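Q: pasting the sequence and the predicted model now:
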2 protein chains.
Amino acid sequence: MMKSYQRAFHEAYRSQPTRLVLGLMSGTSADAIDAALVEISGAGDEIAARLLACRETPLGDLRDPVLRLAQGEGDAETLCRLDAALGEAFAEAAIATVAEAGFEIGDLDAIGSHGQTIRHAPNPEERWGRTVSATLQIGGAAVIARRTRVPTVSDFRSADVAEGGEGAPLTPMVDWLLLRHPEKRRAIQNLGGIANVTYLPAGGPSGAVKAFDTGPGNMIIDALAAIASGGALDRDEDGLIASAGVVCDPWLEDLLRDPFFSRRPPKSTGRELFGERYSRRLWEEGRSKGLSPEEILATATALTAESIARAYRDFLPGADEVVLGGGGVRNPALVREIRNRLSPLPARTHEEIGWNGDAKEAFAFAVLADRTLQGLPGNLPQVTGARRSVLLGSIAF
Amino acid sequence: MMKSYQRAFHEAYRSQPTRLVLGLMSGTSADAIDAALVEISGAGDEIAARLLACRETPLGDLRDPVLRLAQGEGDAETLCRLDAALGEAFAEAAIATVAEAGFEIGDLDAIGSHGQTIRHAPNPEERWGRTVSATLQIGGAAVIARRTRVPTVSDFRSADVAEGGEGAPLTPMVDWLLLRHPEKRRAIQNLGGIANVTYLPAGGPSGAVKAFDTGPGNMIIDALAAIASGGALDRDEDGLIASAGVVCDPWLEDLLRDPFFSRRPPKSTGRELFGERYSRRLWEEGRSKGLSPEEILATATALTAESIARAYRDFLPGADEVVLGGGGVRNPALVREIRNRLSPLPARTHEEIGWNGDAKEAFAFAVLADRTLQGLPGNLPQVTGARRSVLLGSIAF
């Protein structure tokens, strides 16, 4: 049972009709810190949230040691100092974002900092006579709280992992809070490196939400653009290469036979399956078939689109509307392929339904921090696999 | 300025006339988890605290990976999983301690978990284009909070380090809260591996507290007992070896010429100065002087005692009373030497002044957690070197 002093805390927080919360995120690529300044109103499951500003701050000199640590190099002292150094960088990003938006740092009610994932090991493993699963995000929450004087929520994934969950994905809760529709069954399709969907039943409870990875998002397209350009490009800018080719249908059918696509959700995938090696193999296969780089890119783009369309057909038969988000919405060839293959199901972008989809992960951690401070669970057990709903994160004052 | 919801939180906590708090600590030797069940009453600077129970739980299979990580071996995945595994062990220790004392885990108002120090690097160093200082205690606070369902305060040292402090010592605040005397100037002398003193002016404010390391505590005595016994002993049990010898005074005078002893406080020392190497050198020096093992142990015991007596004479001239604590109080030869050399200044043990001195560090982190939950700073800037007083720790619910 929740302690009475804890209840008083959450009630005091929740009684504020609007809260200004800053979300901070640094992804696995460790390129930059994303910051999102969010105004949140309402309470419980009935909230509204508005993105007031967002900002990307390169990680600079911290990127290399982060990637090395994540790869298993570097000792405890490096990790210890890097944690604090990231805290300084996150605090600077927070202060700059708030200032740019014309606010004072003291105007913030809270900060939600996802931090930088160094290791994600939710799979139970026998170590030291125990069965252990764990996840490690660093980023000096105590340093952020000291520099900003704003209560800072961090370590969002550990409680879910401690309850047997994957500690991910956590954004479906935010999708449900903000994008569910009273009458329409919505599929929120994110086009990141990997593509994932959150399915929101019309007016349904959070327990009815489904979420899973549909397969590759931009990952293969980006890798093939790099190969095709001899390393000059890191993506198929504006989908120009793919738009100049036609899809090789028999090959596409072949690629869709990968068992991942027919596996029933919940399921997740990553760089292990659709990363560099897969892309390199695809390139060589395409070339040996005599296909041009444009045809290879067109087919890879169709693979992302068709794997999404089939996932909906097979696993989300009732969807009324699709909302597209993530970096992939900036690739017109990809968006066109998705729309064609989903038709007649309408697919609109976040912006088209009146919602700013920028910095969505940083935005999500602002909303999740607000939820924790309200005293409400932030995970969806049926999505993460956790035994129960739990309050996420630690609070540094 | 503190947010109003945070103020409401601390007020609700503080308004509880008594709180049951469990302190958890695992020292640098990583032998065992110390747990202390503490009943705290009062608020602000006027509190009383009573040790209800304490318990030592061996770290077992976790000791070896902890020591290796602390020595710079082991990668990020090991650290990540060890953090969670320690959280499980800490939670088990908490649950067992509370059960043994006849309470339910739900009776606890809070847990204060120091955790296991993996790295303490408060010295500023240039890394990645920044000046970075940091400290890293692990121990899965989120896991403890999940398993016990009790709000858990952890990461006590980072905020002080973020403010330029050493992050240590933190116990002087607890000494001041609980052992200051309205008329007597007290010196609280801890006899751990290293010996340290907290000086409490009569009825003085916390800003007048002094604290520093006086030099070796049991460290050299333990090491010499091991050498003298060919590894059979890990301490001079009951001071039997030292009691059978006489002190070699000229050699003692010689040893007291070490510049550490005359350096003005604040100052701190450790295994680097008075560890294995120093003890080995002492043994060889003593043997080459023709001294017996008993005479060597007697002189080493006198070194701890006399370095304390001289520290008081030189740096704490006004003390009225000494309170002895720490493992060294179980060594009658050491206590006798200290009393003789401090005389006429009275030196009593914690127990003799009606205070249970067992599990003092674990006890201290229960009191410091309570202080954090009350919304009050836990560090003493003049002791740690921090720029200001700060709230210590993060709270996992």
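A: Received, thanks. For clarity, every value in this text was computed on a predicted model and none was experimentally measured. Numbering: from 1, shown residues only, chains lettered A, B, ... in the order given.

Q: from here on, just use CA atoms for contacts and neighbour counts.
A: Noted.

Q: the lengthiest strand in chain A pairs with which strands, and in what direction?
A: The strand that spans the most residues within chain A, counting by DSSP state E, is strand A:110-127. Next to strand A:110-127 in the sheet, as set by DSSP bridges, lie strand A:18-26 (parallel), strand A:130-138 (antiparallel), strand A:152-154 (parallel).

Q: report the distance from the host helix or strand of A:R50 to the chain centre.
A: In this structure, A:R50 sits in strand A:46-58 according to DSSP states H and E. Computed by CA atoms, centre = their mean, to the nearest Å, the separation of strand A:46-58 from the middle of its chain amounts to 14 Å.

Q: next one: stretch A:390-397
A: For stretch A:390-397, the distance to the chain centre is 19 Å (CA atoms, centre = their mean).

Q: now the end-to-end length of that stretch.
A: Stretch A:390-397 has an end-to-end distance of 21 Å (CA to CA, to the nearest Å).

Q: okay, helices next: where are they in the stretch 201-350 of chain A?
A: Shown for the stretch 201-350 of chain A, the helices assigned by DSSP state H, counting those that start in this stretch span residues A:219-228, A:240-243, A:249-255, A:259-262, A:271-274, A:276-288, A:293-315, A:332-342.

Q: select, out of those helices, the one closest to chain B.
A: helix A:271-274 (17.4 Å; CA to the nearest CA).

Q: what residues does that closest one touch?
A: A:215-216, A:219-220 (CA atoms under 8 Å, 6 or more residues apart in numbering or on different chains).

Q: for that helix, buried residues please.
A: Buried residues in helix A:271-274, counted by 16 or more other CA atoms under 10 Å in any protein chain shown: A:F274.

Q: please save the CA atoms from it in CSV.
A: Provided in CSV are the C-alpha atoms of helix A:271-274 (Å, rounded to 0.1, in the frame of the first residue of the first chain):
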residue,chain,number,x,y,z
ARG,A,271,20.1,-4.3,-35.5
GLU,A,272,20.9,-8.0,-34.9
LEU,A,273,18.4,-9.0,-37.6
PHE,A,274,18.0,-6.0,-39.9
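
Q: mean confidence for that helix?
A: Helix A:271-274 shows a mean pLDDT of 88.

Q: rebuild the strands paired with strand A:110-127 as a markdown table, extending it with mean neighbour count and mean pLDDT.
A: Shown next, in a markdown table, are the strands paired with strand A:110-127 (neighbours: other CA atoms under 10 Å in any protein chain shown; pLDDT from 0 to 100):
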| stretch | mean neighbour count | mean pLDDT |
| --- | --- | --- |
| strand A:18-26 | 26 | 97 |
| strand A:130-138 | 23 | 96 |
| strand A:152-154 | 29 | 98 |
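
Q: so which of the ones you listed gets nearest A:L178?
A: strand A:18-26 (15.3 Å; CA to CA).

Q: what lies in contact with that closest one?
A: With CA under 8 Å, 6+ apart as the test, strand A:18-26 has contacts from A:32-42, A:90, A:94, A:107-117, A:361-367, A:369-370.

Q: now the angle from it to strand A:46-58?
A: Strand A:18-26 and strand A:46-58 are oriented at 40 degrees to each other (axes from the mean of the first three to the mean of the last three CA atoms, to 10 degrees).

Q: touching chain B at all, the helix or strand harbouring A:E11?
A: A:E11 belongs to helix A:4-14 when assigned by DSSP H and E. Yes - looking at helix A:4-14 against chain B by CA under 8 Å from any CA of the partner chain, the contacts come from A:4-6, A:8-10, A:12-13.
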